[in-house]
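> coordinates for the following, if possible.
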Amino acid sequence: MKYRVLVCDDDEDIASALEIYLQSEGYEVSKCFNGQQATKIIAEENVHLLLLDIMMPVMDGLTAAVKIREKSNVPIIFLSAKSEDTDRILGLNIGADDYVTKPFNPVELLARVRAHLRRYSHLGSMPEVSSDIYQTGGLLLDDTKKKIMVEGEDVSLTAMEYNILKLLMQNMEQVFSSDQIYEQIWNEPAFDIGKTVAVHIRHIREKIEINPKEPRYLKVIYGLGYKVVRFDY
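Modelled structure (predicted):
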């Protein structure tokens, strides 16, 4: 399968450089130069990953990501000259899967692209072998159908959110630290990860919990990490 990556950056030189890097890895590449164009392409065409600049005319990357997340779980990697932790958290808060600061190392960026495409492809696959179903109370994860249900209602998670919840549901009652979650899900050392995991955990809670402030399923063990509680309905 040949993956298609959409590059959205108003700096045409950067967009062209990214196109060269990605094509050298065998990816099909499309380019656009503002968030409005990106939302239109994502809505109308088959795209497997989006590299999205934040500061752009017409529609900025943050606004575009919010609109895209209303209808699509395509992996989004933000590209930004801002490296502050608050900017990284803001990007993750609105649904991005990753955040890379400019100037970026092409080798690192390509590694992140490969990792997110691998997870996205795996999440979208439909194995024909026996079902792997994990359930606690009214929360159910069916890994064969790649489906999450809460009290019988379907819940939509991003690929990263799904993988985090799957890890915790496969190991109910086991506490995972932020570093352990990051290393297993992102498949890279947990170095300077800030609040990346915490942001994803909060998003999962908002989607699976009736009251995210008083979670029933996904608990924080202060100072240690996170776990999914096992109990009968």
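> going by C-alpha atoms from here, please, whenever you check contacts or count neighbours.
Fine.
> show me what the longest helix along the chain is packed against.
When the chain is parsed with DSSP state H, its longest helix is helix 106-124. If contacts are counted by 3 or more Cα pairs under 8 Å, 6 or more residues apart in numbering; DSSP states H and E, helix 106-124 sits against helix 12-24, strand 49-53, helix 159-170.
> which one of those lies nearest to residue 108?
Of all the helices and strands packed on helix 106-124, helix 12-24 sits nearest to residue 108, with 11.4 Å by Cα to Cα.
> report the angle between that closest one and strand 49-53.
Following axes from the mean of the first three to the mean of the last three Cα atoms, to 10 degrees, one obtains 160 degrees for the angle between helix 12-24 and strand 49-53.
> other residues contacting helix 12-24?
5, 7, 8, 9, 28, 29, 30, 31, 33, 106, 110 (Cα atoms under 8 Å, 6 or more residues apart in numbering).
> for the protein, what helix or strand is lowest in average pLDDT?
Lowest on mean pLDDT, DSSP states H and E among the helices and strands of the chain sits helix 85-93, with a mean of 76.
> in that helix, what counts as buried?
Across helix 85-93, burial judged by 16 or more other Cα atoms under 10 Å covers 88, 89, 91, 92, 93.
> ok, now stretch 13-27?
15, 18, 19, 21, 22, 27.
> can I get those in a markdown table including pLDDT and distance to residue 44?
Shown next, in a markdown table, are those (pLDDT from 0 to 100; distance: Cα to Cα, whole Å):
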| residue | pLDDT | distance to residue 44 |
| --- | --- | --- |
| 15 | 96 | 21 |
| 18 | 96 | 22 |
| 19 | 96 | 21 |
| 21 | 94 | 25 |
| 22 | 96 | 22 |
| 27 | 94 | 19 |
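> picking up where we left off before, from the chain's centre, how far out does the helix or strand following the longest helix of the chain sit?
Next helix or strand after helix 106-124 toward the C-terminus (DSSP states H and E): strand 133-136. Centroid separation for strand 133-136 versus its chain: 22 Å, with Cα atoms, centre = their mean, to the nearest Å.
> ok, back up a step: which ones among the contacts of helix 12-24 are found in helices?
106, 110.
> for residue 177, see how far away residue 219 is.
12 Å (Cα to Cα, to the nearest Å).
> please enumerate the shared neighbours of these two.
residue 226.
> ok, and the closest non-adjacent residue to the residue nearest the centre of the chain?
For the chain, residue 97 is the residue whose C-alpha lies nearest the centre (Cα atoms, centre = their mean; 3.1 Å). Distances taken as Cα to Cα, 6 or more residues apart in numbering put residue 76 closest to residue 97, at 5.4 Å, once the chain neighbours are dropped.
> distance of that neighbour relative to residue 132?
Taking Cα to Cα, one finds residue 76 at 28 Å from residue 132.
> again, but for residue 102
41 Å.
> what's the answer for residue 216, then?
22 Å.
> who has more neighbours, those two?
Just comparing residue 216 and residue 132: by other Cα atoms under 10 Å the higher neighbour count belongs to residue 216, 16 against 12.
> residues contacting the more buried one?
Contacts of residue 216 (Cα under 8 Å, 6+ apart): 209, 229.
> okay, now the unreliable bits of the protein?
Scanning the chain for pLDDT under 70 picks out 1, 83-85, 122-131, 232-233.
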